[in-house]
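*Asks:* the sequence and its predicted three-dimensional model are supplied below.
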Amino acid sequence: MAATSTPEPRILDRYRIVDVVGRGSFGRVLHVVDTQSGNEHRALKIVPTGPHEAMLVDEFEQLARLRHPSLPKVYEVGRLRTAISIGGTELPAGSPFFAAEWIAGVRSDAVVWQGAVGATVWALLADLAGALATIHAGGLVHGDVAPQNVLIASEDRAVLVDLGLATASGVRGTPAFMAPEAFAGAAEPRSDLYGLAATVACLVDGAPLYAAATLGELVQQIVIGGRRPRLE
């Protein structure tokens, strides 16, 4: 008697999970394969339902209209039709999601930048500044510009990923790269520019501008301003 195979679980009847690449209070980011588009790889971000979900869906739809070579294309925006469980976390029906282009690249903080020629650094800055200008022109804020969210694609293109959209997510970001106002949940376009400057400085220098033993000390250093000696 032939064994019957169990159908592979899929999200929305089309997305097959390859891996969970991001998790936190903001939701889950999944590497998936879109079985209805020729098995194209996608990044699927799902955010739990909550008081800001309507605003998130609106921002996701705005994000889908943005086009820039250093931003992933967004292909689909919607809500989960049924609840799903990912790694022991239950994401209820109605949770907002968007499916975006999967960027196959290397994290910028895995690249050796010390001693890099000026043209290389300026090209990185130009790519990311252009991406942020597009986001800000759309009335959005990235909210987490940091080295791990900058990927270097195969054609040496810098791509800004993990579009968290801080305006609906409150306080979020990578502490060492957050502007002072971001810690108060007041991130704005200039906060992204701060994160961009702190990111490039970290890549070139090999370490963040600020370092401390505790989060409180780190926040104090950033808020006070002025570069402090790093911990050894």
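*Replies:* Now that the structure is in, tell me what you want to look at.

*Asks:* what's the average pLDDT for stretch 99-114?
*Replies:* On average, the pLDDT along stretch 99-114 is 86.

*Asks:* so Val57, which state does it fall into?
*Replies:* helix (DSSP: H, G, I helix; E, B strand; the rest coil).

*Asks:* just the pLDDT for it.
*Replies:* At Val57, pLDDT is 82.

*Asks:* ok, it touching Leu63?
*Replies:* No - the pair Val57 / Leu63 is not scored as a contact, 10.5 Å apart, by CB atoms under 8 Å. Bear in mind the C-beta positions are built from the backbone N, C-alpha and C, glycine included.

*Asks:* what's the overlap in contacts for these two?
*Replies:* Val77 (CB atoms under 8 Å, 6 or more residues apart in numbering).

*Asks:* all helices of the protein, in order?
*Replies:* 53-64, 118-137, 189-205, 215-224 (DSSP state H).

*Asks:* how close does Leu218 get to Leu193?
*Replies:* 20 Å (CB to CB, to the nearest Å).

*Asks:* could I get the helices of the chain as a markdown table with distance to Ala100 and mean neighbour count?
*Replies:* Listed next are these as a markdown table, based on distance: least, CB to CB, whole Å; neighbours: other CB atoms under 10 Å:
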| stretch | distance to Ala100 | mean neighbour count |
| --- | --- | --- |
| helix 53-64 | 8 | 18 |
| helix 118-137 | 13 | 17 |
| helix 189-205 | 18 | 20 |
| helix 215-224 | 30 | 14 |
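
*Asks:* ok, the residue nearest the centre of the chain to Gly22 distance?
*Replies:* In the chain, the residue lying closest to the centroid (CA atoms, centre = their mean) is Asp162, at 1.1 Å. Applying CB to CB, the value for Asp162 to Gly22 is 7 Å.

*Asks:* common neighbours of those two, please.
*Replies:* Joint contacts of Asp162 and Gly22 (CB under 8 Å, 6+ apart) are Val29.

*Asks:* where does this structure have low pLDDT?
*Replies:* Where the chain drops to pLDDT under 70, the residues are 1-9, 24-26, 87, 114-118, 164-170, 226-232.

*Asks:* correct me if wrong: Ile86 contacts Val29.
*Replies:* No - at 10.4 Å, Ile86 and Val29 do not qualify as touching, with contact defined as CB under 8 Å.

*Asks:* quick check: Gly130 touching Leu66?
*Replies:* No - contact criterion CB under 8 Å: Gly130 and Leu66 do not qualify, at 11.4 Å.
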